[in-house]
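Novice: Below are the sequence and a predicted model; questions follow.
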Amino acid sequence: MFFVNILETTLSCSAVIAVVLILSLTIGKFFQSKYKKGIWLLIALRLLIPVSFFCFLNPFVVEVETVEYEEKEQTDSISTIGKAHEHSESNSEFDNMEYSEKQRKLFDRGHLLTGIWIAGAITFITYHIMCYLILRKKIERESYSCSSPELLEVVNEIFIGEKKRVPILKVWERVENAPFLMGVWHPCLIIPKEKYTDRDLYYIIKHEFIHWKKNDILFKFLLLVANSLHWFNPLVWFMNKQANMDIEMACDEEVMKEASFEERVEYSEIIMACISKGFSSYPMLSTGYVKEVRMVKIRFDNLLGDRKKKKAVLAVWGVALALLVSSGMIQIKEVERVKKSSVIIDYGNEVKVDIDGNGETDRVLVNDVRSGDEAYTQLVGILDSGDEILINYKGYYSSFVVTGDVTEDGQTDVLLIMGDTGSTFGAINAVVLHLENGTWKEYNSDFIENPQISIEQPKSFNREDWMTNVYIGATMIEKNGKIFLRLITPVDIINAETVKCIDASYRADGWYIENVQLIESYYTNKCYKKLLINTYDYEE
C-alpha cells in the first residue's frame, strides 16, 4: 500500500525535520542560508521518495490495526432451509482462502485512511493550482510587455552572458503589489506599474535574478508537492514555511555578498517596501513577497547583523547521513484484529481467526498430503508472530476445518473434519482442537448424556472408535448467541437415510448433549444442506 510507504517516510523524516527546525531557530542564524536551503532540499527529496532503503539497524515497528467485523447468521431450526455456499480452491499450499460473502462484512480502516489521505492531498494541491491559475490569468489580462528603455537596460545589465532562457519582462498595471518571478519552464518577471529609482530597480531585478539562477521556483514546487503528500504532518508544514524563508534569506545574502553596511540598509528599505505590498501567502511557482512581520524581522537581522556567517557543509552531510540512517528504521505493520461478535464461525481449507487469544489474526490451514503409500492430514496454525504449529493425522482423507469459540474464552477452537476417502457411506473422523502452550491439544471427545432426551444418545465421537461411533457429518452452529458442535450419525450404517442430528455444548468434562433429532430421508431430501451449513457443499 502506497499510503503505508508515505506513513513510514513521514515518520522516518519527522525526527530529522524536528531537529533541523530547532537548530535553524536557535543557532541557524550563525550559518549561511544557502546551506540551510540545501538541507531542506535533501529532506524534501526524501519526502518525495516514499521507499525504505536498506538499514543495518532493527526497525521500529508501528502496528496499524485492521479490524474485521464478522457477523454470521445461523439457523436454530433444523426445518429451516439453509443456503449452500460456493467455494473455490487454490493450488497454493498456504494461500487457499475461503470466505462467505453473505456471512461476512469486512471493514478495513486502512482503506478509509487511504481515502482520507488521497482526498487531503488532492484538495491541497488543487487549491494551490487554482490560486496560481487565477493569478496567472490576472497577469495575462492586466499586464503588457515592457518597453521602458531604463528598465530594459537594467535587465540586460544583470542578465548579460546568461545562456539559458531569460525571463520575459512584463509590467503589471497594478501598483499595489511587489515585484516577483513566476513560472518554471517559461519564467516571467513581473514588475508593478510604479515609479522606481534606478537603484531600486537594480536591487529588485538582481534579487529575482538570483531566484531564477538558483532555480528557486522549482525548489518551491518540490516543497509544495512534498507538503501535499504529507499534508497531515504538521512538521512538514513548518518545514515548508522555514524553507521558503531560508530561500529568501539565501537570495538576500547572494545579492549583498560584497555590499557595504550602507548598501545593506538601502536594500533592507527596498525589501520592506516590497513586503508591505506582498501576498498574504506564498503563491505557487513564484517568488512573491509575503506580508509577515516575523519574516521582516528575521531578514533584517540577517542583513544588518554584524556577525560573520559560517559555512555549514558538515551540517548538510550530517542531515544526508541522518536521512539515510533513519530510512527504513520505522516500519508499519498491518495487523488484523478480530472483533468479537456473538458468533464467529468460519470454515474451509484455510481460515483467518485468533487461535492464541491475543486479539490478533492467525491462519489455520489443513492439507491432505499423499506420497506413494504414505498419506496424512496436516493441520497447521500460523500465528501472527510467524510461528507454525503442526499436527499430523495418518490416513487417506479429504479434510477441511470449521472454527469457532466453543469454550467462550476468547480463543478460537478448531473442528478438524477428515472424510474417509475409502468409505462407501461417507464416514468422517472429527476432532476438536485448541492451542495450548504452543501445541495443538484435542478436547475430550466424550458426550455428557442429557436425561431429558428419550432418544438413545452416543457416548463419544472418539476417532479411534470410529467403527462403534460412525459419523457422516460435522460442523459448528449457533443457537441463541452460543456456538454448538453438531454431529450427524446414521442410525443404520447399511441404510444411512435415517440419521441422528446431535447438538452439544462444551463443558470441562465433555460435550453436553443439548438436542438429538431423528432425520429421515437424509440424502434423498438433501437434508445435509440445512444441517451442515458451515461446511463445503456436498456434490449433487
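Specialist: All right, it came through fine.

Novice: now the strands for the stretch 101-250 of the chain?
Specialist: For the stretch 101-250 of the chain, the strands defined by DSSP state E, counting those that start in this stretch cover 104-105, 143-145, 168-172, 180-182, 188-192.

Novice: For residue 244, which of those is the nearest?
Specialist: Shortest separation from residue 244 across the strands of the stretch 101-250 of the chain is recorded for strand 180-182, at 13.0 Å, computed as C-beta to C-beta. No exception for glycine: its C-beta is placed from N, CA and C like everyone else's.

Novice: pLDDT weak spots in the stretch 1-150 of the chain?
Specialist: By pLDDT under 70, the weakly predicted segments of the stretch 1-150 of the chain are 1, 52-110.

Novice: Which stretches in it count as helices?
Specialist: In the stretch 1-150 of the chain, the helices defined using DSSP state H, counting those that start in this stretch lie at 2-26, 33-47, 109-142, 149-159.

Novice: need the contact list for the residue of the chain most remote from its centre.
Specialist: Largest separation from the mean C-alpha position in the chain: residue 149, at 58.7 Å (C-alpha atoms, centre = their mean). If you count contacts by C-beta atoms under 8 Å, 6 or more residues apart in numbering, residue 149 has none.

Novice: measure it to residue 260 for me?
Specialist: 29 Å (C-beta to C-beta, to the nearest Å).

Novice: now do residue 364
Specialist: In terms of C-beta to C-beta, residue 364 sits 81 Å off from residue 260.

Novice: Neighbour count for these two, which is higher?
Specialist: Taking neighbours as other C-beta atoms under 10 Å, residue 364 and residue 260 compare with residue 364 leading, 24 against 9.

Novice: what does the helix or strand containing the more buried one contact?
Specialist: Here residue 364 sits within strand 362-371, counting by DSSP states H and E. Residues lying outside strand 362-371 but in contact with it, judged by C-beta under 8 Å, 6+ apart, are 93-94, 96, 349-356, 375-384, 396-401, 403, 414, 416.

Novice: strand partners of that strand, parallel vs antiparallel please.
Specialist: strand 350-353 (antiparallel), strand 374-382 (antiparallel) (DSSP bridges).

Novice: Following element in sequence after the last one, please.
Specialist: As assigned by DSSP H and E, the chain's next helix or strand after strand 374-382 is strand 388-394.

Novice: buried residues in that following strand?
Specialist: For strand 388-394, a neighbour-count test (16 or more other C-beta atoms under 10 Å) marks 389, 391, 393 as buried.

Novice: ok, residue 527 - contacts?
Specialist: Contacts for residue 527 (C-beta under 8 Å, 6+ apart) come out as 499, 519, 521.

Novice: of the strands paired with strand 362-371, which approaches residue 312 most closely?
Specialist: Checking those against residue 312 by C-beta to C-beta gives strand 374-382 as the closest, at 51.3 Å.

Novice: how distant is the closest one from the center of its chain?
Specialist: Centroid displacement of strand 374-382 relative to its chain, using C-alpha atoms, centre = their mean, to the nearest Å, is 34 Å.

Novice: and what of stretch 185-192?
Specialist: Between the centre of stretch 185-192 and the centre of its chain there are 41 Å (C-alpha atoms, centre = their mean).

Novice: again, but for stretch 511-521
Specialist: That offset, for stretch 511-521, works out to 48 Å (C-alpha atoms, centre = their mean).

Novice: what is the mean pLDDT for that stretch?
Specialist: Throughout stretch 511-521, pLDDT has a mean value of 93.

Novice: now swap in stretch 384-392 and tell me
Specialist: 91.

Novice: how long is it end to end?
Specialist: Taking C-alpha to C-alpha, to the nearest Å, stretch 384-392 runs 21 Å from one end to the other.

Novice: Contacts for that stretch, please.
Specialist: When contacts are defined by C-beta under 8 Å, 6+ apart, stretch 384-392 is touched by residues 335-336, 358, 360-362, 376-383, 433, 435, 438-440.

Novice: can you rerun that using 6 Å?
Specialist: Residues outside stretch 384-392 that contact it (C-beta atoms under 6 Å, 6 or more residues apart in numbering) are 360, 362, 376, 378, 379, 380, 381, 382, 440.

Novice: Among these, which pair sits farthest apart?
Specialist: By the measure C-beta to C-beta, 360 and 376 form the most distant pair in the contacts of stretch 384-392, at 29.1 Å.

Novice: returning to what we had before: show the buried residues in the contacts of stretch 384-392.
Specialist: Applying 16+ other C-beta under 10 Å to the contacts of stretch 384-392, the neighbour count classes 360, 362, 376, 379, 380, 381, 382, 440 as buried.

Novice: Do a quick rundown of the helices in the stretch 351-500 of the chain.
Specialist: Taking DSSP H, counting those that start in this stretch as the criterion, the stretch 351-500 of the chain carries no helices.

Novice: Which strand residues bridge residue 474?
Specialist: residue 487.

Novice: contacting residues for it?
Specialist: When contacts are counted by C-beta under 6 Å, 6+ apart, residue 474 touches 417, 430, 487.

Novice: what about 7 Å?
Specialist: 415, 417, 428, 430, 486, 487 (C-beta atoms under 7 Å, 6 or more residues apart in numbering).

Novice: Among those residues, give me the pair with the biggest separation.
Specialist: Spatial extent of the contacts of residue 474 (C-beta to C-beta) is set by the pair 428 and 486 at 12.4 Å.

Novice: now the strands of the stretch 101-250 of the chain as a markdown table including distance to residue 421 and mean neighbour count?
Specialist: Shown next, in a markdown table, are these (distance: least, C-beta to C-beta, whole Å; neighbours: other C-beta atoms under 10 Å):
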| stretch | distance to residue 421 | mean neighbour count |
| --- | --- | --- |
| strand 104-105 | 30 | 12 |
| strand 143-145 | 86 | 12 |
| strand 168-172 | 83 | 17 |
| strand 180-182 | 77 | 24 |
| strand 188-192 | 81 | 22 |
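
Novice: For stretch 35-55, give me every contacting residue.
Specialist: Here stretch 35-55 makes contact (C-beta under 7 Å, 6+ apart) with 5-6, 8-9, 13, 16-17, 20, 24, 28, 219, 222-223, 225-226, 229-230, 236, 239, 243, 246-247, 250, 311-313, 315-316, 319-320, 323-325, 327-329.

Novice: Was I right to think residue 274 contacts residue 289?
Specialist: Yes - with contact defined as C-beta atoms under 7 Å, residue 274 counts as touching residue 289 (4.8 Å).

Novice: any residues in contact with both of those two?
Specialist: Among the neighbours of residue 274, those also in contact with residue 289 (C-beta under 7 Å, 6+ apart) are residue 178.

Novice: Of those two, which one has the most company?
Specialist: Shown here are residue 274 and residue 289; by other C-beta under 10 Å, residue 289 has more neighbours (23 against 20).

Novice: Would you list the phi and psi of that one?
Specialist: phi -70, psi 150 (degrees, to the nearest 10).

Novice: What's the separation between it and residue 190?
Specialist: Residue 289 is 12 Å from residue 190, by C-beta to C-beta.

Novice: shared neighbours of the two, anything?
Specialist: With C-beta under 7 Å, 6+ apart as the test, residue 289 and residue 190 both reach residue 180.

Novice: Residue 415 - nearest residue in space that isn't next to it in sequence?
Specialist: Of all residues not flanking residue 415 in the chain, residue 402 sits nearest, at 4.4 Å (C-beta to C-beta, 6 or more residues apart in numbering).

Novice: and residue 190, what pLDDT?
Specialist: 85.

Novice: Any buried residues in stretch 209-221, and which?
Specialist: Using 16+ other C-beta under 10 Å as the test for burial, stretch 209-221 gives 209, 210, 211, 212, 214, 216, 217, 219, 220, 221.

Novice: what's the span of it, first residue to last?
Specialist: OK, stretch 209-221 end separation, C-alpha to C-alpha: 18 Å.

Novice: List the contacts of it.
Specialist: With C-beta under 7 Å, 6+ apart, stretch 209-221 has contacts from 41, 158-159, 167, 181, 184, 187, 244, 247, 251, 254-255, 285-287.
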